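Trainee: Turn this into a model:
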Amino acid sequence: MKRFLIQSIGIIVISSIVGLLVNAVSSPSLPLIRPPDESDEKWTVVTGEEVLQHLQDGSAIFIDARDEKYFNEGHIPSAINLPASNFGEAFAEIGESLPREFFIIVYCQGSPCDESHDVLDHLELLGFQDLALYEGGWMEWEQNGHPAETSGE
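Mentor: Down below sits the predicted model:
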């Protein structure tokens, strides 16, 4: 039994060495450690310039995932406030009027921000399919001097 175990370990070691050598001389060789996946975002990500283009040509609905207080202080023009913190209540008020086949861009304060991801997850569960994330969010939008609206309480 001891001899069998030693032979098995020897075969595994030799096979590993041969595999590493073959990989080293192969073109292209396989990486020994996989680099992190840069595109692990579940949602299509749009840039500020793409958001601006959609705003100008009216080809998207914008959803602000921030709380109402922040939405009222400033938001992308024509954006709808669906705060992640009380999505169910807010969606019950206005969500049924959202066309499920229209392109929807969701944003929040800026990256990193879980609120927009939460809203996107809810919308997906409710049957919305053409969804995107504006990672730069309100902070980037405002810093770039893009058009903005405020809402009264």
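Trainee: alpha carbons only for contacts and neighbour counts from here, please
Mentor: OK.
Trainee: Can you tell me the SS state at the residue lying closest to Gly127 once chain neighbours are set aside?
Mentor: With sequence-adjacent residues excluded and distances taken as C-alpha to C-alpha, 6 or more residues apart in numbering, Gly127 is closest to Arg100, at 6.9 Å. Local secondary structure at Arg100 is given as coil here, using DSSP: H, G, I helix; E, B strand; the rest coil.
Trainee: same deal with Val106?
Mentor: Assigned by three-state DSSP, the conformation of Val106 is strand.
Trainee: mind listing what it touches?
Mentor: Contacts of Val106 were listed using C-alpha atoms under 8 Å, 6 or more residues apart in numbering, and they are Phe62, Ile63, Asp64, Ala65, Ser116, Val119, Leu120, Leu131, Ala132, Leu133, Tyr134.
Trainee: Kindly report the same for Met139.
Mentor: Met139 touches Gln109, Gly110, counting by C-alpha under 8 Å, 6+ apart.
Trainee: secondary structure element for it?
Mentor: Secondary structure from DSSP states H and E places Met139 in helix 137-143.
Trainee: quick check, distance from the helix ranked longest in the chain to the centre of its chain.
Mentor: Counting residues, the longest helix found in the chain (DSSP state H) is helix 2-25. On the basis of C-alpha atoms, centre = their mean, to the nearest Å, the separation between the geometric centre of helix 2-25 and that of its chain is 43 Å.
Trainee: Just the CA atoms of stretch 117-126, as PDB, please.
Mentor: These are the backbone C-alpha positions of stretch 117-126, laid out as PDB (Å, rounded to 0.1, in the frame of the first residue of the first chain):
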ATOM      1  CA  HIS A 117     -27.800  47.800  -8.900                       C
ATOM      2  CA  ASP A 118     -30.700  47.100  -6.500                       C
ATOM      3  CA  VAL A 119     -33.100  49.000  -8.700                       C
ATOM      4  CA  LEU A 120     -31.800  47.200 -11.800                       C
ATOM      5  CA  ASP A 121     -32.300  43.900 -10.100                       C
ATOM      6  CA  HIS A 122     -35.900  44.800  -9.200                       C
ATOM      7  CA  LEU A 123     -36.700  46.000 -12.700                       C
ATOM      8  CA  GLU A 124     -35.300  42.800 -14.200                       C
ATOM      9  CA  LEU A 125     -37.500  40.700 -11.900                       C
ATOM     10  CA  LEU A 126     -40.500  42.700 -13.000                       C
END
